[in-house]
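S.K.: sequence plus the predicted model coming up.
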Amino acid sequence: MQTVKMVVTGPYNAGKTEFIRSVSEIDVVSTERKVTSAEEMVKDTTTVAMDFGRITVDDDLVLYLFGTPGQKRFDFMWEILSEGMLGFIVMVDSSRPETFREARSILETFRAYAPTPYVVAANKQDLEDAWDVEDMRIALRLDPRVKLLPCVACEKEDVKNVLLELLYSILAEMELKEEK
């Protein structure tokens, strides 16, 4: 059986935990704690170490999903969680342009950890003030070849689409390596 480790990362409150919960076939192992800082009171809890979920694609393939903490003070976990990853997803809250620069910085950090395939998920596309995906591409300074996918993290089909796009990229890279 082949296992594929994927990391789901992005700024605080981008939707990483919800993304993993939407598709995991097991109860998500989560390290959420109550938020204590007033400036972070966008929601009640935050991930402090990781989230973990699993999806069995078929008899031969299982995806392990590791969600990172989004807050800078927990960024020491990023490198640990990136160990052995075959690809990663950067979640971006489409309705919070003030987080786009941070999302870009996280993307660059993970690219430095490992030169693996990645996709960017433009989450919260269902919100009225969500940015258009192509406008986000410009704001995030993404190369046209980078897959930037619209997403609503609580919609299982959206999450599956993002995961499949990343999986296709991972499999294509594995085939290239086998040819060499």
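M.R.: That came through fine.

S.K.: on the three-state scheme, residue 50 is what?
M.R.: In three-state terms, and counting by DSSP: H, G, I helix; E, B strand; the rest coil, residue 50 is strand.

S.K.: let the chain start at 16 from now.
M.R.: From this message on, residue numbering opens at 16, which makes the last subject residue 65.

S.K.: count the residues that sit near it.
M.R.: Counted with other C-beta atoms under 10 Å, residues neighbouring residue 65 total 23. Backbone N, C-alpha and C define where each C-beta goes, glycine included.

S.K.: then the one 4 residues further on?
M.R.: Each residue near residue 69 was counted by other C-beta under 10 Å, and the total is 16.

S.K.: make sure it is indeed in a strand.
M.R.: Yes. Applying three-state DSSP, one finds residue 69 inside a strand.

S.K.: OK, contacts around it?
M.R.: Residues near residue 69 by C-beta atoms under 8 Å, 6 or more residues apart in numbering: 39, 40, 41, 77, 78, 79, 80.

S.K.: again, only this time at 6 Å
M.R.: 40, 41, 79 (C-beta atoms under 6 Å, 6 or more residues apart in numbering).

S.K.: separation between the first one and residue 70?
M.R.: As judged by C-beta to C-beta, to the nearest Å, residue 40 and residue 70 stand 6 Å apart.

S.K.: more neighbours: these two, which one.
M.R.: Using other C-beta under 10 Å as the criterion, residue 40 and residue 70 rank with residue 70 on top: 19 against 10.

S.K.: quick check: nearest residue in space to that one, chain neighbours excluded?
M.R.: residue 78 (4.5 Å; C-beta to C-beta, 6 or more residues apart in numbering).

S.K.: same check on residue 38?
M.R.: Nearest one to residue 38, counting by C-beta to C-beta, 6+ apart, is residue 174 at 4.8 Å.

S.K.: that neighbour against residue 36, yeah?
M.R.: No. Applying C-beta atoms under 6 Å as the test, residue 174 and residue 36 come out as separate, 9.3 Å apart.

S.K.: show me where the chain has helices.
M.R.: Counting by DSSP state H, one finds helices in the chain at the ranges 31-38, 91-97, 115-128, 148-154, 171-194.

S.K.: how distant is the longest one from the center of its chain?
M.R.: What it means is helix 171-194. Relative to its parent chain, helix 171-194 has a centroid offset of 14 Å by C-alpha atoms, centre = their mean, to the nearest Å.
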